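Student: fold the following for me, if possible:
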Amino acid sequence: MSVVLIDYGSGNLRSAEKALLKAASSLKSPPTITVTADPDVVAKADRLVLPGVGAFAACMSLLKGSDGLVEAITEAAQTRGAPFLGVCVGMQLLADSGLEFGITPGLGWIPGQVRRLEPRDPAAKVPHMGWNTVRPASPLFAGLGFAPHMYFTHSFAFDPADPGDIAGTSDHGGPFVAAVARDNVMGVQFHPEKSQGAGQRLLANFLELSL
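Tutor: I've put the predicted structure just below:
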């Protein structure tokens, strides 16, 4: 099985690659992990991971600026149905649009908007940085119990149009969406590569997930 970590100039690729390799090594049949921006390789991948760090608009611009990459990930995930995992801003790009520095169109694979966190508790600072429990609602969290701890660093959160696309929630002065899933397309707001054992288990689940 081939797993592609998409290199489009955004995201902590080295940490993400190390985390994926470690998760893969725990499996009976370890997949091949490739970091690439080659559209031909991406389009044929069995599974894809899209990282992202920074602003929605900047990440979307980088993705669109990588020749043929949007078409390649669309071919893999939307046409062929390859399992796809977006991480942090990589998850946010799945939305219809992001409301950071104006309105920026996203991939539109999971309807909704990415909005600024607005905690009801004034003591809850933005950006939200640190460990938080997640209330899971997806096989992606299999074996992680009722409230696994994951590491977050973000100022914006995904607001899906359909509550059925919510795969996990968390709380930072009020609830926010921590994970989304629609068929083969999934995303997590937290960083599995920084979430120690729980993050490793989630990545292993993604690599083994049967859809």
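
Student: give me the mean pLDDT for the host helix or strand of residue 186.
Tutor: Element membership of residue 186, judged by DSSP states H and E, is strand 185-188. Mean per-residue pLDDT for strand 185-188: 98.

Student: which residues make contact with that strand from outside it?
Tutor: By C-beta atoms under 8 Å, 6 or more residues apart in numbering, the residues outside strand 185-188 that reach it are 77-78, 83-88, 90-92, 94, 109-110, 138, 140, 150, 158, 167-168, 178-181, 202, 206. (Glycine included, C-beta is placed from N, CA and C.)

Student: which among those end up buried?
Tutor: Buried residues within those, defined by neighbour count using 16 or more other C-beta atoms under 10 Å: 77, 83-88, 90-92, 94, 109-110, 138, 140, 150, 158, 167-168, 178-181, 202, 206.

Student: filter those residues down to the ones in strands?
Tutor: 84-87, 150, 158, 167-168, 178-181 (DSSP state E).

Student: identify the farthest-apart pair in those.
Tutor: 84 and 150 (19.2 Å; C-beta to C-beta).

Student: quick one: end-to-end distance for stretch 181-201.
Tutor: 17 Å (C-alpha to C-alpha, to the nearest Å).

Student: list the buried residues of that stretch.
Tutor: Buried, per 16+ other C-beta under 10 Å, within stretch 181-201: 181-182, 184-195, 198-201.

Student: repeat that for stretch 34-48.
Tutor: Quick answer for stretch 34-48 (16+ other C-beta under 10 Å): 34-35, 37-39, 42-43, 45, 47-48.

Student: wait, residue 170 sits on residue 157?
Tutor: No - in this structure, residue 170 is not within contact of residue 157 by C-beta atoms under 8 Å, at 9.0 Å.
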